[in-house]
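> Got a predicted structure plus its sequence, pasted below:
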Amino acid sequence: MSERIIVALDLKGYDNIVNLVDSLKGAVWFKVGAVNFTAYGVSLIKELKKRDKKIFLDLKYHDIPNTVKGAVEAAASLGVDMLTVHSIGGVEMMAKAKEAVKEYEDKNGVKGPEIVAVTVLTSMNDDNLKRDMFIELNVKEMVLKLAKNALNAGISAIVASAKETELLRENFGDYFKIITPGIRPVWAAKNDQKRVVTPGDAVKLGSNYIVIGRPIYGHENPQKAFELIRKELEDVNT
Ligand code: C5P
């Protein structure tokens with residue numbers, strides 16, 4: 001079950017991050033996002049690789065197709081295992097990301113990173129889609145259209161809130177591997193997350209992976225928090 005938990009490394013300070021990784025026995029996946037990649041970059045990725053950890057590089061690429069292809073090639077060379085692109089960047093852009101992985105695999109004979117599509121950020125709602133992006137569709141309609149684009153580009157993994165997970169399962173069955181943030185065990189503070197689900201409920205709703213940060217790294221005993229979450233997921237599966 002621990003391979004379904006992705007620990008978000010959003011805490012501050014290089015040593016604190018590395019110490020957390022070392023203290024979490026049994027944790028397999030770690031997410032490095034824009035803040036800590038910008039601060040610590042390749043050396044942080046190398047620390048994780050040294051420890052044989054799986055890396056979810058969450059930089060949400062969105063640029064012209066050729067640039068995204070180059071970024072994915074660079075990420076593949078770093079040895080990351082999953083990385084995110086914005087579906088709103090278009091089918092051609094996502095297809096180029098996939099092409100970069102395929103070329104990396106053909107050249108090196110090893111598995112490249114899984115490309116994960118991001119649809120509509122949870123910070124957007126129907127109102128700001130319309131006001132800031134001039135989009136008349138509502139969030140749910142947009143999520144489905146952007147998921148379809150990801151599918152058309154050959155992408156089979158997607159980031160989705162628990163609410164969207166149900167929608168995606170209804171419309172696409174088991175096609176997508178779903179990665180869900182906004183997870184809070186009953187014993188944890190919600191922080192700034194507004195719509196949260198428990199680890200167990202996320203998996204019951206169809207998530208393959210859960211992303212969870214503060215309930216683990218903000219806990220007085222991160223290892224204990226991780227074990228509680230792992231146990232909760234085990235209980236769902238038994
Ligand atoms: O600390 P917490 O468990 O809230 O961290 C959740 C992680 O998932 C953060 O890295 C956050 O940026 C990310 N995330 C999210 N909601 C999204 C997409 C990503 O919370 N819709």
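Received the coordinates, thanks.

> Might you name the residue of the protein sitting closest to the ligand?
The ligand sits closest to residue 213 of the chain, with a gap of 2.8 Å, by Cβ to the nearest ligand atom. Quick note: C-beta positions are derived from backbone N, CA and C, even for glycine.

> got the contact list for that residue?
Counting by Cβ atoms under 8 Å, 6 or more residues apart in numbering, residue 213 makes contact with 7, 8, 9, 10, 11, 31.

> quick one: the helices in the chain?
For the chain, the helices defined by DSSP state H cover 14-23, 34-50, 65-78, 91-108, 126-133, 139-152, 162-172, 199-205, 214-217, 222-237.

> so can I have JSON lines of these showing mean neighbour count?
What follows is the helices of the chain, written out as JSON lines (neighbours: other Cβ atoms under 10 Å):
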{"stretch": "helix 14-23", "mean neighbour count": "14"}
{"stretch": "helix 34-50", "mean neighbour count": "15"}
{"stretch": "helix 65-78", "mean neighbour count": "18"}
{"stretch": "helix 91-108", "mean neighbour count": "18"}
{"stretch": "helix 126-133", "mean neighbour count": "13"}
{"stretch": "helix 139-152", "mean neighbour count": "18"}
{"stretch": "helix 162-172", "mean neighbour count": "17"}
{"stretch": "helix 199-205", "mean neighbour count": "21"}
{"stretch": "helix 214-217", "mean neighbour count": "22"}
{"stretch": "helix 222-237", "mean neighbour count": "17"}
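
> Please tabulate these in TSV, including the columns mean pLDDT.
Listed next are these as TSV, based on pLDDT from 0 to 100:
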stretch	mean pLDDT
helix 14-23	98
helix 34-50	97
helix 65-78	98
helix 91-108	98
helix 126-133	94
helix 139-152	97
helix 162-172	94
helix 199-205	96
helix 214-217	97
helix 222-237	95
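
> quick revisit: how near is the residue of the chain closest to the ligand to residue 8?
Residue 213 sits at a distance of 3 Å from residue 8 (criterion: Cβ to Cβ, to the nearest Å).

> what does the chain have sitting close to the ligand?
8, 10, 33, 121-122, 159, 161, 181-182, 191, 193, 211-214 (Cβ under 6 Å from any ligand atom).

> Among these, which has the minimum pLDDT value?
The weakest per-residue confidence within the residues of the chain next to the ligand falls on residue 193 (81).

> Need phi/psi at the closest residue in space to it that isn't next to it in sequence.
Leaving out its chain neighbours, the residue that sits closest to residue 193 by Cβ to Cβ, 6 or more residues apart in numbering is residue 182, at 5.1 Å. Per-residue torsions, residue 182: phi 80, psi 40 (degrees, to the nearest 10).

> ditto for residue 125
According to degrees, to the nearest 10, residue 125 has phi -130, psi -180.

> In ChimeraX, select just the buried ones from the residues of the chain next to the ligand.
The ChimeraX selection below is limited to those of those classed as buried (16 or more other Cβ atoms under 10 Å):
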select :8,10,33,122,159,161,181,182,193,211,212,213,214
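
> which ones among the residues of the chain next to the ligand are found in strands?
8, 33, 159, 211, 212 (DSSP state E).

> got the residues you listed as a markdown table, with distance to residue 103 columns?
Output for these, formatted as a markdown table (distance: Cβ to Cβ, whole Å):
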| residue | distance to residue 103 |
| --- | --- |
| 8 | 29 |
| 33 | 26 |
| 159 | 24 |
| 211 | 28 |
| 212 | 33 |
